[in-house]
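Participant: have a look; sequence and predicted model below, questions after that.
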Amino acid sequence: DSGVTQTPKHLITATGQRVTLRCSPRSGDLSVYWYQQSLDQGLQFLIHYYNGEERAKGNILERFSAQQFPDLHSELNLSSLELGDSALYFCASSVEGLPDNEQFFGPGTRLTVL
Amino acid sequence: QKEVEQDPGPLSVPEGAIVSLNCTYSNSAFQYFMWYRQYSRKGPELLMYTYSSGNKEDGRFTAQVDKSSKYISLFIRDSQPSDSATYLCAMSARGTGRRALTFGSGTRLQVQP
């Protein structure tokens, strides 16, 4: 158990809908990273938050957004869902010290768009 | 061309064998190098972490980083059936806003009893 929690474990929804994925980092970790894992693209970075502020964006679609709250949990919002958004979504947390950059992953949310 | 290249396998070995897994990369800014193990549909589990070059050993696992060749390796000694999983290499640069991981495509390992 990495100490990172994600809810829900599974989500099944229809095209055009909107969903919210939730992540709670390990105690003491200030950074949350979101990654998407699909069969054809592998694990890809979406977005990084540090202590409530956006730090970096990766291959995140405009239909997707995220935020990190004062209690450090994070939410990833996916809207206008398409079939191709079906994937595993992981969050990872890190203490973000120097020089360490160990990232610990949660169990993931499996999203199925029908 | 991908920034991180990893042979997808599958790699099948008998129990007790030494396993060698490798990745090459093209981005010279990468400073952090990690190996994750992922069981089917589960979250990646951090196995080894190395900052900059050199070797690191932890039990049956040894990670090597050769920055001059842009090549990293993971060795598993005395492999067990429970080691059967997908192994992902991951790496990142250093600095604010640059720490997101870039992953290889993963190598599927099967250890036969």
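Facilitator: Okay, I see it. Residues are numbered from 1 along each chain as shown, chains lettered A, B, ... in the order given.

Participant: return the residues of chain A in contact with chain B.
Facilitator: For chain A, the residues in contact with chain B (CB under 8 Å from any CB of the partner chain) are A:2, A:4, A:31, A:33, A:35, A:42-45, A:48, A:55-56, A:58, A:88, A:90, A:92, A:94, A:96, A:99-108, A:110. All C-beta spots, glycine's among them, are computed from the backbone N, C-alpha and C.

Participant: quick one, helices of chain B?
Facilitator: Counting by DSSP state H, one finds no helices in chain B.

Participant: so which residues of it form strands?
Facilitator: B:4-6, B:11-14, B:19-25, B:32-38, B:45-51, B:54-58, B:61-66, B:71-76, B:85-92, B:102-103, B:107-112 (DSSP state E).

Participant: those strands: which one's closest to A:Asn77?
Facilitator: Among the strands of chain B, the nearest to A:Asn77 by CB to CB is strand B:102-103 (23.5 Å).

Participant: picking that back up, pipe the strands of chain B into TSV and attach mean neighbour count and distance to chain A per row.
Facilitator: Formatted as TSV, the strands of chain B follow (neighbours: other CB atoms under 10 Å in any protein chain shown; distance: least, CB to the nearest CB, whole Å):
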stretch	mean neighbour count	distance to chain A
strand B:4-6	20	9
strand B:11-14	13	17
strand B:19-25	19	13
strand B:32-38	24	4
strand B:45-51	18	5
strand B:54-58	12	12
strand B:61-66	18	13
strand B:71-76	20	15
strand B:85-92	24	6
strand B:102-103	22	4
strand B:107-112	17	12
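
Participant: can you list the ones you listed in JSON lines and add distance to A:Leu72?
Facilitator: What follows is these, written out as JSON lines (distance: least, CB to CB, whole Å):
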{"stretch": "strand B:4-6", "distance to A:Leu72": "29"}
{"stretch": "strand B:11-14", "distance to A:Leu72": "39"}
{"stretch": "strand B:19-25", "distance to A:Leu72": "31"}
{"stretch": "strand B:32-38", "distance to A:Leu72": "22"}
{"stretch": "strand B:45-51", "distance to A:Leu72": "20"}
{"stretch": "strand B:54-58", "distance to A:Leu72": "29"}
{"stretch": "strand B:61-66", "distance to A:Leu72": "30"}
{"stretch": "strand B:71-76", "distance to A:Leu72": "31"}
{"stretch": "strand B:85-92", "distance to A:Leu72": "21"}
{"stretch": "strand B:102-103", "distance to A:Leu72": "24"}
{"stretch": "strand B:107-112", "distance to A:Leu72": "34"}
